[in-house]
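*Asks:* here is a sequence with its predicted model. Questions after.
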Amino acid sequence: MTERTLAKAINEGLRKSMEDNPKVLLLGEDIGKLGGVFRVTDGLQKDFGELRVIDSPLGEAGIVGASVGLAMRGYRPISEIQFDGFVYPAFDQLVSQVAKQHARSEGAITMTLVVRIPFGGGIGAVEHHSESPEAYFAHTAGLRVVSPSTPNDGYWMIRQAIECADPVIFLEPKCRYWEKGEVDETAPPSSLFSAAVRRTGTDATLVSYGPSVKTCLAAATAAEGEGRSLEVIDLRSISPLDVATVVASVEKTGRLIVAHEAPVFGGIGAEIAARLTERCFYSLSAPPLRVGGYHTPYPPSRVEEDYLPNVDRLLDALDRAFEF
């Protein structure tokens, strides 16, 4: 095992996939000579050339549109959207073309492409640079939506996404890019679409993905000091959802709290809460609770910490769950 930052782990996963398959290529704004705004693609254009790591014009619809054509010709393009809030000009391509092409062609055409999107807050940036658009894509049939929370998952999940026969929205928690962790390059984790139990517990289940997983782990550590044992589940895949892993946990703990940075209204947490209520109604000691962003545009950086889920808000939800 070697220690890597999340950004470096994704970089090395991309490099390995490009070495293994000459049909894998990258395109996006400033990803070549600059190496990307977050340097995730640093050094790849130098090693693989400008025909495989393409600095595109500033036009997200064009980036994804070109990827559609490349995928139709048998390539495996990886588009980078520079920031989460910049993806909306490409939304029509993703929903109208990428998500539907396989079904539209009755399986004759596959969209073997990945769209990398740095997402979430925590870097002191404003709207269009700190958003969490995952619910839009999870609601769109035909798209797979995943998010790594650790360097090891970053390394393996990008490789698994590239090999996936379906189009994958690959959400990278930008506030975790510089955090280090062990990467085991010899043994891949489980399926791209399976959840992981990051911490076992008996009293309540915390479910999250991407940037909020670390917050949930910190809340579990804090709760331990109060005599409460929390289980933390990292979904890893937002669409499809590994409901079975969450069900098994909630049947044991009897309480569920879902955390994500996106607004709770109409969010992924609502879907999880509904499914778990349907499946675990008689196991629940309290209603499922959600902790997330508020139903407002993303705020200025000076109040960002009040908007994002934090340990105090999670512990408050835990207290409310135990009041029932």
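*Replies:* Cool, the structure landed. Numbering: from 1, shown residues only.

*Asks:* can you map out the helices along the stretch 1-150 of the chain?
*Replies:* For the stretch 1-150 of the chain, the helices defined by DSSP state H, counting those that start in this stretch occupy 6-20, 44-48, 60-72, 91-92, 101-104, 134-138.

*Asks:* what's the burial count for the closest residue to E3 other than its chain neighbours?
*Replies:* The shortest distance from E3 to any residue other than its chain neighbours is 5.2 Å, reached at K180 (Cβ to Cβ, 6 or more residues apart in numbering). C-beta: built from backbone N, CA, C; applies to glycine. Residues near K180, counting by other Cβ atoms under 10 Å, number 13.

*Asks:* what's across from K180 in the sheet?
*Replies:* Assessed by DSSP bridges, K180 has beta-bridge partners T5.

*Asks:* quick check, pLDDT for it.
*Replies:* Each residue has a pLDDT score; the one for K180 is 96.

*Asks:* any idea how far S149 is from the closest residue to L235 other than its chain neighbours?
*Replies:* Using Cβ to Cβ, 6+ apart and skipping the chain neighbours, the partner closest in space to L235 is Y209 (4.1 Å). In this view, Y209 and S149 are 7 Å apart by Cβ to Cβ, to the nearest Å.

*Asks:* cool, and R15?
*Replies:* For R15 relative to S149 (Cβ to Cβ), the value is 21 Å.

*Asks:* burial of the nearest residue to A165 once chain neighbours are set aside, as a residue count?
*Replies:* Distances taken as Cβ to Cβ, 6+ apart place T110 nearest to A165, at 5.5 Å, with adjacent residues excluded. Using other Cβ under 10 Å, the number of residues around T110 comes to 16.

*Asks:* residue contacts, T110?
*Replies:* A71, Q101, H102, A165, D166 (Cβ atoms under 8 Å, 6 or more residues apart in numbering).

*Asks:* for it, give me phi and psi.
*Replies:* phi -110, psi 140 (degrees, to the nearest 10).

*Asks:* three-state assignment of the nearest residue to T253 once chain neighbours are set aside?
*Replies:* Of all residues not flanking T253 in the chain, T205 sits nearest, at 4.8 Å (Cβ to Cβ, 6+ apart). Under the three-state scheme (DSSP: H, G, I helix; E, B strand; the rest coil), T205 adopts strand.

*Asks:* quick check: beta-bridge partners of T205?
*Replies:* Counting by DSSP bridges, T205 is bridged to E231, L256.

*Asks:* okay, now it: neighbour count?
*Replies:* The tally of other residues near T205 (other Cβ under 10 Å) stands at 29.

*Asks:* so it sits against I233, correct?
*Replies:* Yes. With contact defined as Cβ atoms under 8 Å, T205 and I233 form a contacting pair (6.4 Å).

*Asks:* now the closest residue to A103 other than its chain neighbours. Its backbone dihedrals?
*Replies:* Nearest non-adjacent residue to A103, counting by Cβ to Cβ, 6+ apart: G142, 6.5 Å away. Per-residue torsions, G142: phi 110, psi -10 (degrees, to the nearest 10).

*Asks:* with that, I have no additional questions.
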